[in-house]
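Novice: missing the sequence, but the structure's below:
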């Protein structure tokens, strides 16, 4: 049996159904610049940090100041999240199973601390995370490996003994670069395969044993 030291969960689109809210937020801000968001913009929006999406909008619309757009995106997204961010199907069952087995888990998000705290204080208020990491807590956020490396270090575990659960290409790239085992449950964007990535259609089909199998799959590469 592979020893599972910890599970590191992405937030948006993985544990809570907020990716649609983020898309609606970006669509609204883009429209204010006279720019119509399309599917071609999705790689620069879904799973991306606020600053990355703001920079993309400033380039695509040829209008607006990126830092100002980032502030507007954060404020608008926060208002939507505050109104309610339901958990994804199967998320609660998996979290309960991990807790029952004594496997620690943490939240590793590319969203700003303001948004993370809103979700963790709302729909995830009952979840006993070991800690939460936001985009504000590391020098670089996803797709860079910094967030997952920092989370593993904080747990006192090597990254290769941790499994990240992600839904987006950038999140998967971050976890893989950090050396974590990786389970991908895609939401709005397809995620390309790699030898270390295990895929599931929904968290409803995921168990702690599934996550241990992810470690085994990554170790074989």
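Specialist: All right, it came through fine. Note that the structure is predicted; figures quoted are calculated from it, not measured.
Novice: Tell me the helices and strands packed up against the longest helix seen in the chain.
Specialist: Looking across the chain with DSSP state H, the single longest helix is helix 66-82. Here helix 66-82 touches helix 19-32, helix 50-61, helix 113-120, going by 3 or more CB pairs under 8 Å, 6 or more residues apart in numbering; DSSP states H and E. Bear in mind the C-beta positions are built from the backbone N, C-alpha and C, glycine included.
Novice: In JSON lines, list these along with mean neighbour count and mean pLDDT.
Specialist: Formatted as JSON lines, the helices and strands packed on helix 66-82 follow (neighbours: other CB atoms under 10 Å; pLDDT from 0 to 100):
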{"stretch": "helix 19-32", "mean neighbour count": "19", "mean pLDDT": "93"}
{"stretch": "helix 50-61", "mean neighbour count": "20", "mean pLDDT": "94"}
{"stretch": "helix 113-120", "mean neighbour count": "20", "mean pLDDT": "94"}
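Novice: Ok, which of the ones you listed comes nearest residue 97?
Specialist: Closest approach to residue 97 among those (CB to CB): helix 113-120, 20.0 Å.
Novice: angle of that closest one against helix 19-32?
Specialist: 140 degrees (axes from the mean of the first three to the mean of the last three CA atoms, to 10 degrees).
Novice: for helix 113-120, packing partners?
Specialist: helix 66-82, strand 132-133.
Novice: quick one: which helix or strand includes residue 152?
Specialist: Assigned by DSSP states H and E, residue 152 falls within helix 146-155.
Novice: outside of that helix, which residues touch it?
Specialist: Contacting residues not belonging to helix 146-155 are listed as 5-6, 8, 104, 106, 108-110, 130-131, 133, 135, 137-141, 158-159, 161-162, 164, 174-175, 177-180 [CB atoms under 8 Å, 6 or more residues apart in numbering].
Novice: in it, what's buried?
Specialist: Buried positions in helix 146-155, judged by neighbour count with 16 or more other CB atoms under 10 Å: 146, 147, 148, 149, 150, 151, 152, 155.
Novice: same question, stretch 185-195
Specialist: Going by 16+ other CB under 10 Å, stretch 185-195 has these buried residues: 185, 186, 187, 188, 189, 191.
Novice: what is the mean pLDDT for stretch 175-195?
Specialist: For stretch 175-195, mean pLDDT rounds to 94.
Novice: Then stretch 130-144?
Specialist: pLDDT averaged over stretch 130-144 gives 97.
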